[in-house]
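J.: sequence first, predicted coordinates after that:
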Amino acid sequence: MTTTLYLVRHAEAEGNWRRTFQGHSNSDVSEKGYRQLEYLARRFADIPLDAVYASPLKRAYETAKAIDRAAGLPIVTDDGLMEINGGAFEGVPFAELPLRFPVEEARWDNEPWAFEAPGGESMRSVYERMRDTIGRIVRAHAGGTVAVASHGCAIRNYLCFAQGWPIERIGEVGWCDNTAVSRIEFGDDFLPRPVYLNDSSHLPEAASTFALQDWWRSVPVTEEDRAAYAARENADAGGQAAKGVKI
């Protein structure tokens with residue numbers, strides 16, 4: 001008996017093209033994101049599905065609707081599929097994170113397994129949450145085919161587990177484009193066996209989010225960045241430097 005899982009990242013949302021940390025923020029799908037969903041719907045038009053699940057956040061639910069367009073199944077929302085809770089990172093531009101939270105941002109980039117934003121969720125918690133949630137969903141539909149719409153960091157954690165890796169190896173798991181699809185199969189033992197990971201071949205280059213971004217490359221913070229950030233903080237505080245921000 002084989003159970004098939006299609007794990008799909010949500011379409012591009014406002015935070016993706018604005019490059020802000022979204023996390024639990026309920027961002028709307030962008031104009032490009034809706035174009036991506038048309039291509040995604042075509043990809044799933046001829047795939048028989050037995051169940052469709054989604055994170056309750058809008059960007060994931062809208063993605064599940066596109067996946068489900070041909071099947072017409074009830075979409076089940078599950079909080080266990082939500083993105084990492086970014087705490088104080090929520091809504092902050094990625095360019096400002098090294099300035100406002102240098103220690104935590106360095107962990108995000110260099111030691112992601114140890115990451116936890118102030119007031120947020122630990123990466124280890126996301127790994128365990130996604131492992132348990134997907135495991136529960138797959139067992140509930142044993143022998144069937146299930147599609148799940150979730151989020152970039154959450155999916156990255158599950159793909160780490162699906163490859164048999166501990167959380168400490170999450171840095172080796174690549175990020176995926178918006179609407180990228182991973183197919184994973186499970187036998188009677190319900191252990192994940194990846195068929196393919198992070199495939200976005202349904203998207204033409206013009207509809208890809210990653211095609212126009214290079215954020216995964218490490219870009220050092222310059223003195224000009226620090227000066228511009230300090231000037232903006234001073235202006236926002238009416239000419240006085242904002243308290244509690246280390247630059």
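T.: Sure thing, it's come through.

J.: ok, and the closest non-adjacent residue to the most centrally placed residue in the chain?
T.: Ranked by distance to the mean C-alpha position of the chain (C-alpha atoms, centre = their mean), the top residue is G152 at 1.6 Å. Of all residues not flanking G152 in the chain, R9 sits nearest, at 5.6 Å (C-beta to C-beta, 6 or more residues apart in numbering). In this view, the C-beta of every residue, glycine as well, is placed from N, C-alpha and C.

J.: circling back to that earlier point, ok, the residue nearest to the centre of the chain touching W175?
T.: Yes. The pair formed by G152 and W175 meets the contact definition of C-beta atoms under 8 Å, at 6.1 Å.

J.: and E128, what helix or strand is that in?
T.: Per DSSP states H and E, E128 falls inside helix 123-140.

J.: distance between the helix or strand following that helix and the chain's centre?
T.: With elements assigned by DSSP H and E, the helix or strand that comes after helix 123-140 is strand 145-150. Between the centre of strand 145-150 and the centre of its chain there are 14 Å (C-alpha atoms, centre = their mean, to the nearest Å).

J.: just stretch 140-158 next, same as before
T.: How far stretch 140-158 lies from its chain's middle: 12 Å, per C-alpha atoms, centre = their mean.

J.: for it, give the mean pLDDT please.
T.: Mean pLDDT, computed over stretch 140-158, is 98.

J.: CA atoms only for that stretch - export them in CSV, please.
T.: Extracted as CSV, the C-alpha positions of stretch 140-158 are listed here (Å, rounded to 0.1, in the frame of the first residue of the first chain):
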residue,chain,number,x,y,z
ALA,A,140,-5.6,9.4,8.1
HIS,A,141,-5.5,8.8,4.3
ALA,A,142,-3.5,5.6,4.1
GLY,A,143,-3.4,4.3,0.6
GLY,A,144,-4.7,7.6,-0.9
THR,A,145,-3.3,10.8,-2.4
VAL,A,146,-3.1,13.9,-0.4
ALA,A,147,-2.1,17.5,-1.2
VAL,A,148,-1.0,19.9,1.5
ALA,A,149,-0.4,23.6,1.1
SER,A,150,2.0,25.1,3.6
HIS,A,151,5.0,27.5,3.9
GLY,A,152,8.6,27.8,3.1
CYS,A,153,10.3,27.4,6.5
ALA,A,154,7.7,24.8,7.6
ILE,A,155,8.2,22.8,4.4
ARG,A,156,12.0,23.0,4.7
ASN,A,157,11.7,21.5,8.1
TYR,A,158,9.6,18.6,6.9
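
J.: which parts of the chain are helices?
T.: Assigned by DSSP state H, the helices in the chain fall at 14-18, 31-44, 58-67, 97-100, 102-110, 123-140, 152-162, 223-236.

J.: hmm, back to that, which residues does the residue nearest to the centre of the chain contact?
T.: Counting by C-beta atoms under 8 Å, 6 or more residues apart in numbering, G152 touches 9, 83, 175-176.

J.: could you turn the buried ones of those into a ChimeraX selection?
T.: The ChimeraX selection below is limited to those of the contacts of G152 classed as buried (16 or more other C-beta atoms under 10 Å):
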select :9,83,176
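
J.: redo the contacts of G152 as CSV? Include distance to Y39.
T.: Putting the contacts of G152 into CSV (distance: C-beta to C-beta, whole Å) gives the following:
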residue, distance to Y39
R9, 13
E83, 22
W175, 19
C176, 15
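
J.: so of the contacts of G152, which ones are in strands?
T.: Counted as lying in strands by DSSP state E, out of these, are R9.

J.: between the contacts of G152, which is nearest Q22?
T.: Among the contacts of G152, E83 lies closest to Q22 (C-beta to C-beta), at 6.5 Å.
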